[in-house]
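In: Structure for this input, please:
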Amino acid sequence: MTRPFAGATAIVTGAASGIGAEIARQMATGGAFVLATDVAEEPLHAVIGEIKRAGGSARAMRVDVADRADVQDAVDEVVAEFGRLDYMVNNAGVGIFGEVETVSLDESDTTVDVNLRGVLNGVMIAYRQMLRQRSGHIVSTASAAGLVPVPLQVHYTATKHAVVGLHKALALEAEEAGIRTTVFCPAWVESGMFDTATLHGSMSVPNPRAIVPVRPLPTEEAVRRLLRGVRRGRRFVITPFYARLGWWLERLSPQASHQLHRLMLREVRKRTARARSKV
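Out: Residues are numbered from 1 along each chain as shown. Next up, the predicted model:
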């Protein structure tokens with residue numbers, strides 16, 4: 001069996017659930033040693049147990065990505081044991097959704113701290129190590145919301161646009177240093193995001209999945225597509241097809257993109273009204 005990450009070392013943040021857990025599983029079963037990190041320790045250890053039972057090599061470490069000392073400790077641990085860090089996967093994120101006025105200032109601070117500052121910490125600390133090695137690959141999970149305007153996700157969209165911009169600029173410098181970069185921009189993935197998200201306003205319904213007007217992509221398939229793109233050195237991995245179409249529309253006609261997402265907002269609100277009428 002081909003092991004595409006055989007002998008590699010990786011750190012995956014936000015690995016206790018969803019996309020991060022699946023990245024850790026697939027990289028470990030692909031032959032990498034994975035230091036899986038999260039603030040949720042109990043589910044993180046459960047993921048490590050699954051990986052080891054499947055024959056993979058992984059270890060858990062509690063890391064708050066908004067704390068640069070925690071991120072530095074994670075990088076130092078891998079380098080001390082293996083002498084290098086091959087992959088830094090900045091995946092940790094939070095979702096706090098609803099009309100912009102329903103999200104508190106403290107919640108917006110949390111969104112920025114985790115979704116943007118956490119990625120910056122991972123990028124900057126890993127990049128310095130990779131410069132010393134003259135090799136490595138930095139991967140960050142953004143979102144289709146980093147490419148197009150997504151209503152009811154204003155704060156989330158702002159941070160994800162920032163992550164995409166960070167990677168666009170980083171790629172230019174990293175190429176000269178022999179370091180690869182990939183930014184992952186999935187649309188809706190059935191990753192359990194709504195199970196951990198904070199939902200306000202129109203998003204606050206008993207079953208938020210029912211009000212999203214698109215079909216989710218299975219987590220396993222989303223991660224397979226990401227890691228295929230990573231192996232091929234792709235700077236962007238945008239999936240599924242409607243995420244790529246939305247990206248093209250946003251670049252070709254921002255006004256048309258605005259109108260499309262305005263219609264989507266109206267559709268979500270209609271679905272919210274129907275969902276609440278059934279309660």
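
In: Double-check Leu170 against Thr181; I have them as touching.
Out: Yes - here Leu170 reaches Thr181: they are 5.5 Å apart, a contact under CB atoms under 8 Å. For every residue, glycine as well, the C-beta is placed using N, CA and C.

In: between the two, who's got more neighbours?
Out: For Leu170 and Thr181, the more surrounded residue by other CB atoms under 10 Å is Thr181, and the numbers stand at 27 against 19.

In: ok but the more buried one is inside a helix, no?
Out: No - counting by DSSP: H, G, I helix; E, B strand; the rest coil, Thr181 is not part of a helix but strand.

In: Look up how far Leu227 lies from it.
Out: Applying CB to CB, to the nearest Å, one obtains 15 Å for the distance of Thr181 from Leu227.

In: Verify the contact between Pro151 and Arg266 for me.
Out: No - look at Pro151 against Arg266 with CB under 8 Å: they stay out of range, at 9.5 Å.

In: Looking only at neighbour counts, state which of the two leads.
Out: Set Pro151 next to Arg266 and count neighbours by other CB under 10 Å: Pro151 wins out with 17 against 11.

In: where does Val279 land on pLDDT?
Out: Looking at Val279, its pLDDT reads 61.

In: can you tell me how far Asp113 sits from Val39?
Out: Counting by CB to CB, the separation of Asp113 from Val39 is 12 Å.

In: got it, and Val183?
Out: 23 Å.

In: Neighbour count: the two, which is higher?
Out: Taking neighbours as other CB under 10 Å, Val183 and Val39 compare with Val183 leading, 29 against 17.

In: The more buried one: what's it in contact with?
Out: Neighbouring residues of Val183 by CB atoms under 8 Å, 6 or more residues apart in numbering: Val139, Ser140, Ala142, Gly146, Val163, Val164, His167, Arg235, Phe236, Val237.

In: ok, now with 10 Å
Out: Counting by CB atoms under 10 Å, 6 or more residues apart in numbering, Val183 makes contact with 90, 119, 138-143, 146-147, 160, 163-168, 170-171, 229, 234-238.

In: Repeat that for His137.
Out: If you count contacts by CB under 10 Å, 6+ apart, His137 has them with 8, 10, 85-89, 126, 130, 174, 179-182, 230-231, 233.

In: so what's the nearest residue to Ala171 once chain neighbours are set aside bridging to?
Out: Once flanking residues are discounted, Ala171 sits nearest to Thr181: 4.7 Å by CB to CB, 6 or more residues apart in numbering. Beta-bridge partners for Thr181, by DSSP bridges, are Ile138.

In: Helices of the protein, start to end?
Out: For the chain, the helices defined by DSSP state H occupy 18-29, 41-53, 68-82, 105-112, 118-133, 154-176, 193-196, 219-231, 241-252, 254-277.

In: which of the ones you listed sits most buried?
Out: Of these, the one with the most neighbours on average (mean count of other CB atoms under 10 Å) is helix 18-29, at a mean of 26.

In: Distance from the chain centre to it, please.
Out: In terms of CA atoms, centre = their mean, to the nearest Å, the centre of helix 18-29 is found 12 Å from the chain centre.

In: what angle sits between that helix and helix 41-53?
Out: Per axes from the mean of the first three to the mean of the last three CA atoms, to 10 degrees, the angle that helix 18-29 makes with helix 41-53 is 30 degrees.

In: what inclination does helix 18-29 have with respect to helix 219-231?
Out: 60 degrees.

In: average pLDDT across helix 18-29?
Out: Averaging pLDDT along helix 18-29 yields 98.

In: State the distance from the nearest residue to Ala197 once chain neighbours are set aside to Arg244.
Out: Using CB to CB, 6+ apart and skipping residues adjacent in sequence, the residue nearest Ala197 is Gly95, 3.7 Å away. With distances taken as CB to CB, Gly95 is found 22 Å from Arg244.
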